[in-house]
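Participant: following is a predicted model, sequence given first.
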Amino acid sequence: MLVDLYSKKIFNMSYQFAGSFQEAEDLTQDIFLKLHHSLAKYDFKKNFTAWFLTIAKNYLIDEYRRTKWEKKKRDDFDEHLPSAAAADDPELSLVEEEKRKVLWEALNRLSNDMRLAIILKEIQGKKYEEVAEILDLPVGTVKSRINRGRLQLAKILRDRKESAHDM
Amino acid sequence: MTCDKIEGLLTAYLDGELGPEEKSAVEQHLEICPDCASLLSFLKSAAESLVRFPEVEPRASLREKLYAIPARKKFRFNPDFLLKPSLQPVYAAATVFLIIFSFYMFNPDKKLINQAVSRQFHRGYSQFEKLYAKAGSITDSLGAYADSVLVSLKKINPLSKKEE
């Protein structure tokens, strides 16, 4: 069933984009609703997963353009992380969890435009050209935005580590 | 090169997009500058963590809501269509109509307006009746004319005589 196959993927995509667990749930519902409305238009020759993910991505981008998610609060990611990550080495897993938590906080401190570009390129693994097409921006602009974002993230992580050492 | 300039090149250096000259300049700088070297290591670490960003499990209640979507979508009213730009002329016309209507409704001389409208209406109706009557007489006279033309044609045509 579609829900079993795609709900986790779509939910995570929404969560990374919106940054709020509640908001991601609402967005996931909207995307599935949109899917049910669009199913009649589906061309069976096409790859269903790619087609559905495009619908989801376009919906998220439209929603982002419409609201900019400016007034919405982003969550502390650690609340919803898989508990203790069920790893073989609990110590390593704790370090990884801490790293991810810090990274999520750092992502939250980026501007919306920068964060969106970083999510698409670094987390979703899109190419610069694809990100440019999705965001409707020139490739050069996207490249410089992503590079500035990556640099800003690194600086936030560095500052955080330095302040942790000072304490 | 200064640290600021090197900073701007670090992501490209990490992606292997620098030319040989810039690459060696960055590497030389990194050997003597611990700050930029540390920034590079954080850039690497951030990139690695982003690639392995964990997926979270959606709540069971969300799945239940998603399962219920096909059943409730039929009853869902979507007001988005009201915001279509193509409806703008309709809204403009409705606004004009409402303004005129409110002038009429709240006018102190409403009775006079009603009388004037009714007078105009009756005048228009009687004119229409007159026109209708005229049109009737014209069709009658045209019919009579057509009949007389047919009769005269029959008189002229020799074939019709033979048939008789």
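Facilitator: Everything's here; your move. Only a predicted model underlies this, so the values are computations on that prediction, with no experimental measurement involved.

Participant: for the lengthiest helix in chain A, packing partners?
Facilitator: Criterion DSSP state H: the longest helix present in chain A is helix A:139-166. Secondary-structure packing of helix A:139-166 (3 or more CB pairs under 8 Å, 6 or more residues apart in numbering or on different chains; DSSP states H and E): helix A:90-108, helix A:112-118, helix A:128-135, helix B:3-14, helix B:34-51. From N, CA and C alone the C-beta is placed, and that goes for glycine too.

Participant: the first one - contacts with which helices or strands?
Facilitator: In this case it means helix A:90-108. helix A:112-118, helix A:139-166, helix B:34-51.

Participant: distance from the helix or strand bottoming out on mean pLDDT in chain A to the middle of the chain?
Facilitator: Ranking every helix and strand in chain A by mean pLDDT, DSSP states H and E puts helix A:90-108 at the bottom, with a mean of 74. The chain centre lies 16 Å from the centre of helix A:90-108; the measure is CA atoms, centre = their mean, to the nearest Å.

Participant: helix or strand for the nearest residue to residue A:28 once chain neighbours are set aside, which one?
Facilitator: Nearest residue to residue A:28 in three dimensions, chain neighbours excluded: residue A:11, at 4.7 Å (CB to CB, 6 or more residues apart in numbering or on different chains). Counting by DSSP states H and E, the element that carries residue A:11 is helix A:2-18.

Participant: quick check: the nearest residue to residue B:46 once chain neighbours are set aside vs residue A:6, distance?
Facilitator: Nearest residue to residue B:46, sequence neighbours excluded (CB to CB, 6+ apart): residue A:153, at 4.7 Å. Separation of residue A:153 from residue A:6 (CB to CB, to the nearest Å) stands at 29 Å.

Participant: quick one: which of the two has more around it?
Facilitator: Taking neighbours as other CB atoms under 10 Å in any protein chain shown, residue A:153 and residue A:6 compare with residue A:153 leading, 27 against 21.

Participant: my read: the more buried one touches residue A:104, true?
Facilitator: No - at 10.8 Å, residue A:153 and residue A:104 do not qualify as touching, with contact defined as CB atoms under 8 Å.

Participant: got the residues of chain A near chain B?
Facilitator: By CB under 8 Å from any CB of the partner chain, the part of chain A that sits against chain B consists of A:1, A:3, A:7-9, A:11-12, A:15-16, A:21, A:25, A:28-29, A:32-33, A:36-37, A:77, A:80-82, A:85, A:99-100, A:103, A:106, A:118, A:122-123, A:125, A:146-147, A:150-151, A:153-155, A:157-158, A:161.

Participant: among those residues, the buried ones, what's the ChimeraX command?
Facilitator: Applying 16 or more other CB atoms under 10 Å in any protein chain shown to the residues of chain A next to chain B, the buried members can be selected in ChimeraX as follows:
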select /A:3,7,8,9,11,12,15,16,21,25,28,29,32,33,77,80,81,99,100,103,106,118,122,123,146,147,150,151,153,154,155,157,158
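
Participant: what angle sits between the longest helix of chain A and helix B:34-51?
Facilitator: 110 degrees (axes from the mean of the first three to the mean of the last three CA atoms, to 10 degrees).

Participant: mind checking how far helix A:139-166 is from the chain centre?
Facilitator: The answer for helix A:139-166 is 17 Å, by CA atoms, centre = their mean.

Participant: which ones are touching the nearest residue to residue A:122 once chain neighbours are set aside?
Facilitator: Excluding its sequence neighbours, the residue lying closest to residue A:122 (CB to CB, 6+ apart) is residue B:50, at 3.9 Å. Residues counted as contacts of residue B:50 (CB atoms under 8 Å, 6 or more residues apart in numbering or on different chains) are A:103, A:118, A:122-123.

Participant: can you give the domain ranges for chain A?
Facilitator: A:2-67, A:87-166 (automatic domain parsing).

Participant: and for chain B?
Facilitator: B:3-51, B:111-164.

Participant: where does the chain have low pLDDT?
Facilitator: I'll assume chain A. A:68-94, A:164-167 (pLDDT under 70).

Participant: nope, chain B
Facilitator: For chain B (pLDDT under 70), the answer is B:71-77, B:158-164.
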